[in-house]
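**Q** sequence first, then the predicted structure:
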Amino acid sequence: MKNAAIFGLVVEETKDNLNSANGDLLEILKVAMESTHTHWLMTDEDEQFQAAIAAVMLYYGEDREEYKRLKWEVEQIRKAVALVNAIQVGLSISLDSSFGENSKYSPIGLSKLWAEIKKGK
């Protein structure tokens, strides 16, 4: 379980680092992920991933398209995780049309990007 104070500190430090970053959403995400992945206070990779995304969302703010695109992709990841969990416990699943389709956003590839950062690419 994450410590809220440490999580908040890492998110704020990462967000502050983004002020000197240049580039598009993908480049900003890379900087954030590299920052959280190497942060000495946070060693859990799931928390590092979450902190990076939170920092980028705060950096852009709710009114920006980048924020909305990130929010959409995080929702898709949550739906996928929920789907897998439901299938694993034997629940019958019916996919609704909001799962990854009919959206103005294209996937960023957050999970793939995170895997690349962890490998040091």
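**A** Arrived safely.
**Q** for residue 78, pull up the helix or strand it's in.
**A** With secondary structure defined by DSSP states H and E, residue 78 is part of helix 65-88.
**Q** residue 93 too?
**A** Counting by DSSP H and E, there is no helix or strand that carries residue 93.
**Q** state the next helix or strand along the chain beyond the helix or strand of the chain with the lowest mean pLDDT.
**A** Per-element confidence for the chain was summarised using mean pLDDT, DSSP states H and E. The lowest value among helices and strands belongs to helix 65-88, with a mean of 90. Downstream of helix 65-88, the first helix or strand assigned by DSSP H and E is helix 110-119.
**Q** could you list the buried residues of that following helix?
**A** Of the residues in helix 110-119, those with enough neighbours to count as buried (16 or more other Cβ atoms under 10 Å) are 110, 113-114, 117. All C-beta atoms are positioned from the backbone trio N, CA, C, and that covers glycine.
**Q** what residue ranges in this protein score low on pLDDT?
**A** Within the chain, the ranges that satisfy pLDDT under 70 run 1, 95-102, 121.
**Q** and the most centrally placed residue in the chain, what element?
**A** Among the residues of the chain, the one closest to the centroid is residue 53, at 3.7 Å (Cα atoms, centre = their mean). Residue 53 belongs to helix 45-60 when elements are defined using DSSP H and E.
**Q** counting by contacts, list what that helix packs against.
**A** If contacts are counted by 3 or more Cβ pairs under 8 Å, 6 or more residues apart in numbering; DSSP states H and E, helix 45-60 sits against helix 4-18, helix 25-37, helix 65-88, helix 110-119.
**Q** most packed of those helices?
**A** helix 25-37 (a mean of 19; mean count of other Cβ atoms under 10 Å).
**Q** name the helices or strands packed onto that helix?
**A** When contacts are defined as 3+ Cβ pairs under 8 Å, 6+ apart, helix 25-37 sits against helix 4-18, helix 45-60, helix 65-88, helix 110-119.
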